[in-house]
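A.B. asks: got a predicted structure plus its sequence, pasted below:
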Amino acid sequence: MPKKKSTKKQVEETVKVTGELVIETVKDLLHAGNIRRITIKDDKGKKVFDFPLTFGIIGAIISAPLAILATLIVLAKEYTITVVKEVEKEK
């Protein structure tokens, strides 16, 4: 039986959350894996966080930007989180 070839493609997902849930949502997304980029915009559409991710940097390196982000979440009531993921695409 021949094997199916698979390639990776990037998929973009957008989630709207309130200020209190931003950090928790980002952490949950990171634990889900295959994340290539996270962009967070405030309720006016201004980018407050834009971070490209590669394999191996998720640990301590992302904790500093998350701490900065935590101080910014009081500035807006609603945020839009856009996540770019890599997923397997079967041919």
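C.D. replies: Received it, and whenever you're ready, just let me know what you need. Not measured: the values here are computed from a predicted model. Numbering: from 1, shown residues only.
A.B. asks: okay, and for the protein, where does confidence drop off?
C.D. replies: Applying pLDDT under 70 to the chain flags the ranges 1-6, 54-76, 90-91.
A.B. asks: swap the cut-off to 80 and go again
C.D. replies: 1-8, 19-20, 23, 27, 30-34, 51-77, 86-91 (pLDDT under 80).
A.B. asks: strands along that one, start to end?
C.D. replies: With DSSP state E as the criterion, the chain has strands at 6-18, 35-41, 47-52, 78-90.
A.B. asks: which of the ones you listed is buried the deepest?
C.D. replies: Mean neighbours per residue, mean count of other Cβ atoms under 10 Å, is largest over those for strand 35-41, with a mean of 19. From N, CA and C alone the C-beta is placed, and that goes for glycine too.
A.B. asks: sorry, back to before: in a markdown table, list the strands of the chain along with distance to Val26.
C.D. replies: As requested, the strands of the chain are arranged in a markdown table below (distance: least, Cβ to Cβ, whole Å):
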| stretch | distance to Val26 |
| --- | --- |
| strand 6-18 | 9 |
| strand 35-41 | 6 |
| strand 47-52 | 8 |
| strand 78-90 | 7 |
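A.B. asks: mind checking these for the one nearest to Glu24?
C.D. replies: For these, the distance to Glu24 is smallest for strand 6-18, at 8.5 Å, taking Cβ to Cβ.
A.B. asks: list the neighbouring strands of the closest one plus their orientation.
C.D. replies: Strand pairing for strand 6-18, using DSSP bridges, gives strand 78-90 (antiparallel).
A.B. asks: need the residues that contact the partner strand.
C.D. replies: By Cβ atoms under 8 Å, 6 or more residues apart in numbering, the surrounding residues in contact with strand 78-90 are 4-19, 22, 25-26, 29, 34-43, 45, 48, 73.
A.B. asks: please name the nearest non-neighbouring residue to Val17.
C.D. replies: Among residues not flanking Val17 along the chain, Thr25 sits closest, at 5.1 Å (Cβ to Cβ, 6 or more residues apart in numbering).
A.B. asks: is it correct that that neighbour is in contact with Val15?
C.D. replies: Yes. Assessed by Cβ atoms under 8 Å, Thr25 is found in contact with Val15 at 6.4 Å.
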